[in-house]
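**Q** Sequence plus the predicted model coming up.
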Amino acid sequence: MKEIIDAFFRTKGVVNHQIESMNYFVATKDNPTSVMQQIVDETKISDDDEPGIILLDKAKTNGKEIKIIYGRTKDRNGKISSPTIWVDKPEIKEASGAANQITPNEARLRDLNYLAPINLKVRIVEDGVERDSETIRIGELPVMIRSKICTLTGNALDQYIEKNNGPINGTREEKLQYVGEDPIDPGGYFIIGGSERAIVSLEDLAPNRILVESEEKYESMVEVAKVFSQKGGFRALTSMEKASDGIINVTIPSVAGTIPLSILMKALGMDKDSEIHDAIFSSARMEPIIYANIEEAKNPKLLPPSGINNTEEGIIYLEKRFASGQAKEYREKKISQMLDKSLLPHLGDSAQERYKKAIYLGRMARALLELTLGMRKEDDKDHLANKRIKLSGDLLDEIFRGAFQSVMKDLKYQLERTYNRRKGIKLKPAVRQDLLTQKLLHAMSTGNWSGGRTGISQLLDRVSNVSTLSHLRRIISPLTRSQPHFEARDLHPTQWGRICPNETPEGQNCGLVKNATLVINVTEGVDEAPVLDALSKNGVEERLGKSVNGRVYLNGDLIGYHKDLPTLTVKMRELRRKGLLSDEVNMRHDENTDELIINCDRGRIRRPLIVLQDGNTTLNSKDLKMLETGEKTIMDLTREGKLEWIDAEEEENLLISVYAYAHPEKCKNCGEFLSRSQVIWVDLGEDQRAPKEFKVRCEKCKNIMTVQSTLSKDHTHLEVDPYLLLGVTASVTPYPEHNSSPRITMAAAMTKQSIGLSSSNFRIRSDTRSHFLHYPQIPLVTTKVMDYINYDKKPAGQNLVVAILSYEGYNIQDAIVVNRAAVERGLGRSSFFRTYTAEERRYPGGQEDRFEIPTHDVLGARAEEYYKNLDENGIIFPESYVEGSDVLVGKTSPPRFLEEGAEKLGPQRRRESSITIRPNESGFVDNVILTVSESNSRVVKIRVRSDRVPELGDKFASRHGQKGVIGVIVPQEDMPFTEEGIIPDIIINPHGIPSRMTVGHILEMIGGKVTSMKGGRIDGTIFSGDEEQSLREELIKYGFRRSSSEVMYDGILGSKFKTDVFTGIIYYQKLHHMVAGKFHARSRGPVQILTRQPTEGRSRQGGLRFGEMERDTLIAHGAAMVIKDRLLDQSDGTILYVCGNPACGHLAVFDRKRGSIKCPVCGNTGNIHPVETSYAFKLMRDELSTMGVMMRLVLGDLR
Amino acid sequence: MELKIIELKERFVRFSISDITPSIANSIRRTLIADIPKLAIDKVVIHHGQIRDMENHQYDSSLPLFDEVVAQRIAMVPIRTDLKMNFREECSCNGQGCALCTATFSINKLGPCVVYSSDIKPVSNPEATIADTNIPIVKLGPKQALLISADAVMGRGSTHSKWQVANGVSHKYHREFILKKNLITDWEKYKKLYEKSVLKENDKEIVFTDDYGVRGVAQLFEFPGVEIREENTNFIFKFETDGSLQAIETLEYALKRLPQRLNIMLDSLVAPD
């Protein structure tokens, strides 16, 4: 159903889930129920305070009662007051004090943060008298590009353009280009310190849900029930365990040890044993265990003389155990902390909620016993229904919550401190804005989130367009990489259509780092009230205590009971399809336990499905037409109940058909081979009486034929299109269904490394490293998904003529042989950019750096010729050629150690601190950007460009996980050629094909060959690409053989090859691993200061380590002099002067005044000998001496 | 040994040579690819900075493409070549560059426009014109201008493919497909389709050849019962030129060049002392 997916992407981008999540989070005036506003309403200054209000300490305000109300309030009619928090447009506060609206590209170029100010409206009530409300700025929020507060969105862009005299009447594309933006950039990331950062989505276990499972403990299986209780950013795990004697113990966070269930329930206010029994009971088989638990509380050993029989005794027991010997007041506080805050916080944090918690514990115990008795299966932790996704909005929520509270806390402290009776309180100067801003920025720039999680925000991958999109759709699991977690890494059936089965890294992160499929929806969460309302109207009864079957749950809470759940489920779904319930409400009837599970919470990944009724869709061709013309949107379809977003929970109830009808292999009229996308279903949704046949149209001859329906009355839904199964990256591979699965995974990983046109504003960007392919081509064999990810506008590869053949051994082991003429004509040619930055930094004491050509009196100044390319300001001219350590910006810094007396050291001189190009790189200066930093100091950014012509060792890969490096570049006359005179661009080895089973690679080669003759493009979309048979037919039409093999001749000998050679045209990608950026050798070079050993690494011109194993080989050979050469002469060999006095053995020193060597310890001047040792040895001697161990060297003659 | 021209156009030729060995055929082919002299731009001087037009409007020399990309594109443009021109290193000017060995060109375009190969104007030698005029070089935006002077020198394809005259150069064995009429009953269909390719016919068999470049004959390879006969002494050649030289000119030069090369070897023979 192309129309549906087309319509989806017409209004929504590929990273829509990120932007929507952010829009839901950000407080703006048109979104009164934003997450930010909710946080503000909920925030308490301390645990005992009311939410949304600061109450100043009377003792510090001369007895006045001053209240500062920052949350929304309810009036007597329950009407909520207007929003108190909102975020303005992104702006920058210049050092001059002016605030200007900024664009993302300005932030990128000037190394700024793309932030927008947050405003808070507060009301001050003094002794019950309300003053005028005041609006204060409390800090700044990082702005997501293309979210609704971004400068690029809506009329904010127009306002900016009007202010800056831009093209007001231009198209949106022109306007975006004017502000230096790529019009088809997806957005969905942030700009912090000039670098783009993405917040990666997090996958977590669903909160507030009872999960039961068997665990192996103490060499036996123990049943456990767990709840990750979460309320307002606070998470607490409550778990319950059944011991082998049937006694159930509860573990509460921040409490040592376990508490027997029955005692805890009593302490929570369940006085009567019958109540406890009823809270747990669901089957007669449970009785013995329940009784055993109730009896446990009566055990006189626990609380002599008669055990625990009521709430009071329960609390005494807890006090005795957890706060014994303390004052009464403290004991009470400790127990209330335990029961109200730590235990199941999602049910509430006051003493009134205790009974509810007891009932909840009963439910947990019931589920636990049901597992023990085999009435319930273990919960599957890896089932997507038990998981929630945290998007950028949710993750920012976590940081903002803490930051906001600390700002308000600080505000209270400041107000109390500065209170002045005469002047009253002054809000504005008391707010410390940077407290909030810095907390947000710190998290964003380091990726360190609350709870010790790292790597949440990451530097956005800009290698290619696909890698950017994939990065923004990534979902990571917080499970540790080191542990095996085999089940968590496995592909789970519920991931179908939600998480790409193939796009995951290989190695330690395999299966833990995932990527979303092409079309997903992550729920924002809707209000429970309408759902509760609908349930009670449909006969769901609320009965506390006594348990019967037919339980109804909403977001994990037991709501009530209903005797006929299947009908209720159908009714509720009908309500949703009629639009009377939000489409975010998903439900499932569990037949095994007879439970109705309804969810409307945040973070469920859902996928679109077409609703079926009586073996036909409710959607009809009229709807599709209206989608095409834009008269209808996807939203309309969901509202009409024709298309639904289904989460993993509801999907358990459904019977989904992948296809609606049997696909005819050939057209009955024209006899052509037909792919699935060449057959169009025309009479969908017309006959509502389970039709046996459907009418379809052949796209080749446009004739109508009838096909067998595969839909039955039992089918509830139809797949929109099976190609939605894959993610963005895996969708780039054509014919993936013909490949072996690991190869698609590898292809997906490599597509993300391919260079091409990563963004259309690459000439005005200042990324530290970036690549650009000179002649990127659109692939001849495409997939439908490429239309949605703009692959044709930002391609990353070239269509090459490939022969599968061995060539003189130069393509052994995946190496590729390249035609030199093709390289000369521009094959795989790319540019590499590196940006160097220099800033005129300011130092304390009024000193600052200066851009200038250093003069002779500057400390460390180079010879004049090094500065020859610089202008009078010390900045290099564009397009000048620079290589190996040439100066890009002449810069001098103020002298160090200013405090020390100038008399002693002579006149203080400025130091040379020029920025030079990296020693092993060269190129042309491409762009020089001179701008001003946030602190008003001059910043210069210089981008150096260098040509990267393919050379030996450069890496290339097809889209089928077939990678290889160039093994040789051959003159074209030596290459094999066909009878048509075609000389292949590259030759790959035939041995790479059979064992890897990349049949898609072969098909793509055939497809490319056909379409290079025919024109147009071949569709290689998974499951619906052009048929292999029809491709082979067409090969014949264009004068080739069905097998696509050709006669070839040896270019060196001129004789015909004995075997025919398979040739074709296939899309190859140049990967960013190039020899030019990696090759390294050293004969001499820098050494480390401390050890005097050669430095390490290419960037420091380091040596190549001659390690232990290498040393071993030389020992085996007895090559003693070679060892000495490697380990001493070419490393850190030094001459030590050792005192020859046998009683001394210290190191002698050179006395400069006398020009003689003298032992400083024994005063010996004659008997001193040079000894060659490694400097590391001397270092060890020195380090030992610092510990009071004096090593003495006693010299003697060799014997 | 006999050379027969089968098909000749200004830029394309197909010919056959009989009674030669594959090595001789290959040496002709390799000569055609790598050893034909041709003019190609080898040095480009791009003006940097402000450029003014007649009305004193200011233009900028910044291009949408990098200078090295523009230079590479210009170098690949084919130029009509006079074979009498000297190679620079063999020229009387001792490699200094003179009218006998160098043709200079210039480009002077003001944006917005597309610079085509036809905008490369010959300066020193009016004969040295651009062979293909519709090759886009670079698209200039408003206020952008391109001012280039370039030198073209003679070279051979073995040095760089910009000095390559012949493309799609191939030789093939003469090949016959013998169809037994009683085995392949629909032979008449193929006879009609590939009439040009029929070599012989009698009542028992019909013989096709793929020597004449007729599309589709290749499918006979895959027919069961077709006898394929090849001769590695009779060769069919074909190539096309990029327009810098005419096809026949190229062929004549190649045939002369080959013995010349061998003579160089002969000349370097030294008697053993």
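**A** Now that the structure is in, tell me what you want to look at.

**Q** Can you tell me which residue of the stretch 1-150 of chain B sits closest to chain A?
**A** Ranked by C-beta to the nearest C-beta, the top residue of the stretch 1-150 of chain B for proximity to chain A is residue B:26, at 2.5 Å. Backbone N, C-alpha and C define where each C-beta goes, glycine included.

**Q** does that residue count as helix, strand or coil?
**A** Counting by DSSP: H, G, I helix; E, B strand; the rest coil, the backbone at residue B:26 sits in helix.

**Q** from what I can see it touches residue A:1054, true?
**A** Yes: counting by C-beta atoms under 8 Å, residue A:1054 is a contact partner of residue B:26 at 2.5 Å.

**Q** what's the overlap in contacts for the two?
**A** Common contact partners of residue B:26 and residue A:1054 (C-beta atoms under 8 Å, 6 or more residues apart in numbering or on different chains): residue B:171.

**Q** What residues does the stretch 1-150 of chain B have near chain A?
**A** By C-beta under 8 Å from any C-beta of the partner chain, the residues of the stretch 1-150 of chain B that approach chain A are B:22-27, B:29-30, B:33-34, B:48, B:66-69, B:72, B:76.

**Q** Could you pull out the helices in the stretch 101-250 of chain B for me?
**A** For the stretch 101-250 of chain B, the helices defined by DSSP state H, counting those that start in this stretch occupy B:187-193, B:247-267.

**Q** For those helices, which has the smallest mean pLDDT value?
**A** In terms of average pLDDT, helix B:187-193 trails the rest of the helices of the stretch 101-250 of chain B, at a mean of 89.

**Q** and it, what does it pack onto?
**A** When contacts are defined as 3 or more C-beta pairs under 8 Å, 6 or more residues apart in numbering or on different chains; DSSP states H and E, helix B:187-193 packs onto strand B:205-208.

**Q** Walk me through which strands the strand it packs on pairs with, and which way each runs.
**A** Partners of strand B:205-208 in the sheet, by DSSP bridges, are strand B:166-180 (antiparallel), strand B:198-201 (antiparallel).

**Q** how about that strand as CSV, C-alpha atoms only?
**A** The C-alpha coordinates for strand B:205-208 follow below in CSV (Å, rounded to 0.1, in the frame of the first residue of the first chain):
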residue,chain,number,x,y,z
GLU,B,205,22.3,-26.7,-41.1
ILE,B,206,22.5,-22.9,-40.9
VAL,B,207,25.5,-21.0,-39.7
PHE,B,208,25.4,-17.8,-37.7
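
**Q** residues in contact with that strand?
**A** In contact with strand B:205-208 (C-beta under 8 Å, 6+ apart) are residues B:176-181, B:187, B:190-191, B:194, B:197-201, B:217, B:220.

**Q** which of the strands paired with strand B:205-208 is buried the deepest?
**A** Highest mean neighbour count among the strands paired with strand B:205-208 (mean count of other C-beta atoms under 10 Å in any protein chain shown): strand B:166-180, with a mean of 21.

**Q** I'd like the distance from that one to the chain centre, please.
**A** Taking the mean of its C-alpha atoms, strand B:166-180 sits 20 Å from the chain's own mean (C-alpha atoms, centre = their mean, to the nearest Å).

**Q** what's across from the residue positioned nearest the centre of chain B in the sheet?
**A** Centroid-nearest residue in chain B, with C-alpha atoms, centre = their mean: residue B:166, separated by 2.1 Å. Counting by DSSP bridges, residue B:166 is bridged to residue B:241.

**Q** Spell out the residue ranges of the strands in chain B.
**A** Remark: strands assigned in chain B by DSSP state E are B:2-8, B:12-18, B:37-46, B:50-52, B:58-60, B:102-110, B:113-116, B:121-122, B:136-140, B:145-156, B:166-180, B:198-201, B:205-208, B:226-241.

**Q** Who are the contact partners of residue B:194?
**A** By C-beta under 8 Å, 6+ apart, the neighbours of residue B:194 are B:208, B:214, B:216-217.

**Q** Make TSV out of those and add distance to residue A:820, pLDDT and neighbour count.
**A** Compiled in TSV, the contacts of residue B:194 are given as follows (distance: C-beta to C-beta, whole Å; pLDDT from 0 to 100; neighbours: other C-beta atoms under 10 Å in any protein chain shown):
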residue	distance to residue A:820	pLDDT	neighbour count
B:208	37	93	27
B:214	32	87	16
B:216	33	85	16
B:217	32	88	21
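
**Q** Which two of those have the greatest separation?
**A** Greatest spatial distance among the contacts of residue B:194 (C-beta to C-beta): B:208 and B:216, at 10.4 Å.

**Q** count of residues packed around residue A:985?
**A** Neighbours of residue A:985 under the rule other C-beta atoms under 10 Å in any protein chain shown: 26.

**Q** pLDDT of stretch A:1077-1089, averaged?
**A** For stretch A:1077-1089, mean pLDDT rounds to 92.

**Q** Let's see that stretch as CSV, backbone CA atoms only.
**A** What follows is stretch A:1077-1089, C-alpha atoms only, in CSV (Å, rounded to 0.1, in the frame of the first residue of the first chain):
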residue,chain,number,x,y,z
GLY,A,1077,44.5,8.6,6.8
LYS,A,1078,46.2,5.5,8.3
PHE,A,1079,49.6,4.9,6.8
HIS,A,1080,52.5,5.5,9.2
ALA,A,1081,56.2,4.9,9.5
ARG,A,1082,59.0,6.4,11.6
SER,A,1083,62.7,6.3,11.6
ARG,A,1084,63.2,8.9,14.2
GLY,A,1085,60.9,11.3,16.0
PRO,A,1086,59.6,12.6,19.2
VAL,A,1087,60.1,10.9,22.6
GLN,A,1088,58.0,11.0,25.8
ILE,A,1089,59.3,13.5,28.3
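
**Q** what's near enough to touch residue 215?
**A** Using chain A here. Contacts of residue A:215 were listed using C-beta under 8 Å, 6+ apart, and they are A:221-224.

**Q** Chain B, not that one
**A** Contact analysis of residue B:215 by C-beta under 8 Å, 6+ apart lists A:1038-1039.

**Q** before we move on, what about the one 5 residues further on?
**A** Residues in contact with residue B:220 (C-beta under 8 Å, 6+ apart) are B:177, B:179, B:190, B:208, B:210, B:226, B:228.

**Q** number of nearby residues for residue A:15?
**A** The burial count for residue A:15: 25, using other C-beta under 10 Å.

**Q** For chain B, see how far away residue A:582 is.
**A** Using C-beta to the nearest C-beta, to the nearest Å, residue A:582 is found at 50 Å from chain B.

**Q** how about the nearest residue to that residue, chain neighbours excluded?
**A** In space, and not counting its chain neighbours, residue A:582 is closest to residue A:526: 4.4 Å by C-beta to C-beta, 6 or more residues apart in numbering or on different chains.

**Q** so what's the residue positioned nearest the centre of chain A closest to, chain neighbours aside?
**A** Closest residue to the average C-alpha location of chain A: residue A:200 at 2.2 Å, with C-alpha atoms, centre = their mean. The shortest distance from residue A:200 to any non-neighbouring residue, by C-beta to C-beta, 6+ apart, is to residue A:474 (5.0 Å).

**Q** Just confirm that neighbour contacts residue A:203, I think it does.
**A** No: the criterion here is C-beta under 8 Å, and residue A:474 misses it with residue A:203 at 10.3 Å.

**Q** Which residues of chain A lie near chain B?
**A** Chain A comes close to chain B at residues A:774, A:820-821, A:824-826, A:829, A:831, A:879, A:924, A:926, A:945, A:947, A:971-973, A:977-982, A:1036-1043, A:1046-1047, A:1049, A:1051-1056, A:1060, as judged by C-beta under 8 Å from any C-beta.
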